[in-house]
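Visitor: Need a 3D model of the following:
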Amino acid sequence: MNHHTPPTLNILQQLPLGLLELEATQLHTLLGGPTLIHLPGEREAPLFVSVLLHGNETTGWEAMRALLQQYQGQKLPRALSLLIGNTSAAAEGARHLPNQPDYNRIWSGGKGIEQQMMQTVIQQMEALHPFASIDLHNNTGRNPHYGCVNQLEPSYLQLATLFSRTVVYFTQPSEVQSIAMSKICPAITVECGRPGEPHGVAHALEFLQSCLHLSEIPTHPVADHDIDLFHTVATVKVPSTIEVGFGSNKGDLCLIKDLDRLNFQEIPAGTLFGKLCSDHLKHIEVWSESGKDMGDHFFNVESGTLRTRKTVMPSMLTRDIEVIRQDCLCYLMERLSY
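Guide: Next up is the predicted model:
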């Protein structure tokens, strides 16, 4: 299959020979496209795990590969259904290819081939009554490891705090894997730092092992002292027509050089983000959960300088121009008491 052929979903009942020897960039050669693998285990209700929904976020695959190598020749403690996502983008080291949608924005239905493919995955999993769903990701900027939930149910928060005491609650974007799967079972997303960091792989591996060994997910509330809970209230977007630069006066939007050091920091009003270096860029787009542009609520532009208007806490600030174009500059959060 070449990279421009519409993908079809492979559904397998065992690991293909040689799969666990492959790096993320090599998977496409063997699999040819997105692949759902159902593996038996001692406990019947499967743990559903998705990796490589973004092709350049490789920690999930590295952790899963290490996990399955440990269990070669023996039964898993719990059944496992593994979705290996965008293999053609992984081959190129890209989040997604130019002709593709974002594989973590296609889970809410639709007529596209990729949307229908994910509906098949959901139907497959629904029939198996999964124990829980884990979607493994990386960040491009400096962030702590954290879990994400889309429902504030105790079982979801218990699962997330098994990975990290830092937990983010969000409802937008609504087309993500975890929102679709949360209609079926406790579902979380875990953010494992930047790709290629051994600590991220070790942490994800330890978490997956814990999930496979859980007999049940606790349903009592998480103690206050065991969780730092945040709510994503807005998304900072940069229009595709805007040229972005860091630490220079190049481009329409010139952001400070080390912007990603502000991730998960409570930053006061008046904090410098950068400069607007173009006459046709008057403000920055900040979209609330309800789809309202709140740019002037969160940011102030004075004499071309972009500063925060109120105390905010950003997450996923990135210096990767491609990610800014394909997704966003960052999310803005507020602390949530639980």
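Visitor: where exactly do the strands run in the stretch 101-250 of the chain?
Guide: Secondary structure of the stretch 101-250 of the chain (DSSP state E, counting those that start in this stretch): strands at 132-137, 146-149, 166-169, 187-191, 228-237, 244-246.
Visitor: What average pLDDT does stretch 149-166 get?
Guide: Taken as a whole, stretch 149-166 has an average pLDDT of 98.
Visitor: now swap in stretch 93-107 and tell me
Guide: 97.
Visitor: now for it, what's the gap between its first and last residues?
Guide: Using Cα to Cα, to the nearest Å, one end of stretch 93-107 lies 22 Å from the other.
Visitor: Can you point out the buried residues in it?
Guide: A94, R95, H96, Q100, P101, D102, Y103, N104, R105, I106, W107 (16 or more other Cβ atoms under 10 Å). (Glycine included, C-beta is placed from N, CA and C.)
Visitor: repeat for stretch 170-181
Guide: F170, Q172, P173, E175, V176, Q177, S178, I179, A180, M181.
Visitor: if I look at the last one, how far off is H231?
Guide: According to Cβ to Cβ, to the nearest Å, M181 stands 20 Å off from H231.
Visitor: do the same with the third one
Guide: Distance, P173 to H231, by Cβ to Cβ: 15 Å.
Visitor: Just the pLDDT for C277.
Guide: 86.
Visitor: got a list of what it touches?
Guide: G245, N249, K250, G251, D252, L253, C254, G304 (Cβ atoms under 8 Å, 6 or more residues apart in numbering).
Visitor: ok, the buried residues of stretch 170-181 vs N300, which is closest?
Guide: Q172 (23.8 Å; Cβ to Cβ).
Visitor: In space, what's closest to that closest one - neighbours in sequence excluded?
Guide: Distance criterion Cβ to Cβ, 6 or more residues apart in numbering; nearest residue to Q172, sequence neighbours excluded, is E289 at 4.9 Å.
Visitor: returning to what we had before: would you mind giving the buried residues of stretch 170-181 as TSV with distance to L83 added?
Guide: Below are those laid out as TSV (distance: Cβ to Cβ, whole Å):
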residue	distance to L83
F170	21
Q172	23
P173	19
E175	16
V176	13
Q177	8
S178	13
I179	16
A180	12
M181	10
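Visitor: Pick out the most distant pair among these.
Guide: By the measure Cβ to Cβ, Q172 and M181 form the most distant pair in the buried residues of stretch 170-181, at 16.6 Å.
Visitor: burial measure for A234, as a count.
Guide: By other Cβ atoms under 10 Å, 25 other residues sit near A234.
Visitor: That one and E285 touch, don't they?
Guide: No. Look at A234 against E285 with Cβ atoms under 8 Å: they stay out of range, at 9.8 Å.
Visitor: so what sits against both of these two?
Guide: Joint contacts of A234 and E285 (Cβ under 8 Å, 6+ apart) do not exist.
Visitor: roughly how far apart are the residue of the chain positioned farthest from its centre and I227?
Guide: Most distant from the centre of the chain: S303, at 36.1 Å, with distances by Cα atoms, centre = their mean. Separation of S303 from I227 (Cβ to Cβ): 42 Å.
Visitor: Look up the closest residue to V222, ignoring the ones flanking it.
Guide: Closest residue to V222 apart from its sequence neighbours, by Cβ to Cβ, 6+ apart: L157 at 4.7 Å.
Visitor: quick one: that neighbour and L336 touch, right?
Guide: No. L157 is beyond contact range of L336, at 10.8 Å (criterion: Cβ under 8 Å).
Visitor: Next up, the contacts around P77.
Guide: So P77 contacts G41, E42, R43, L212, H213 (Cβ under 8 Å, 6+ apart).
Visitor: now those residues as CSV including neighbour count?
Guide: Formatted as CSV, the contacts of P77 follow (neighbours: other Cβ atoms under 10 Å):
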residue, neighbour count
G41, 17
E42, 11
R43, 17
L212, 21
H213, 12
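Visitor: follow-up on the earlier one: hmm, the residue nearest to Q172 is touching S174, no?
Guide: No. Counting by Cβ under 8 Å, E289 stays clear of S174, with 9.3 Å between them.
Visitor: Tell me where the protein has helices.
Guide: Assigned by DSSP state H, the helices in the chain fall at 27-31, 59-70, 87-92, 113-128, 154-163, 177-181, 198-213, 295-298, 321-326.
Visitor: beta partners of the most centrally placed residue in the chain?
Guide: In the chain, the C-alpha nearest the mean C-alpha coordinate belongs to H137, at 4.4 Å (Cα atoms, centre = their mean). Following DSSP bridges, H137 is listed with bridge partners E191.
Visitor: where's it relative to A187, distance?
Guide: 13 Å.
Visitor: and if you look at Y169?
Guide: Distance from Y169 to A187, by Cβ to Cβ: 13 Å.
Visitor: Between these two, which is the more surrounded one?
Guide: Higher neighbour count among Y169 and A187: A187, with 25 against 20, using other Cβ under 10 Å.
Visitor: I'd assumed G147 was in contact with that one.
Guide: No. Look at A187 against G147 with Cβ under 8 Å: they stay out of range, at 10.9 Å.
Visitor: Please list all residues in contact with A180.
Guide: W107, S108, M118, I122.
Visitor: Before I go, just wanted to say thanks for your time.
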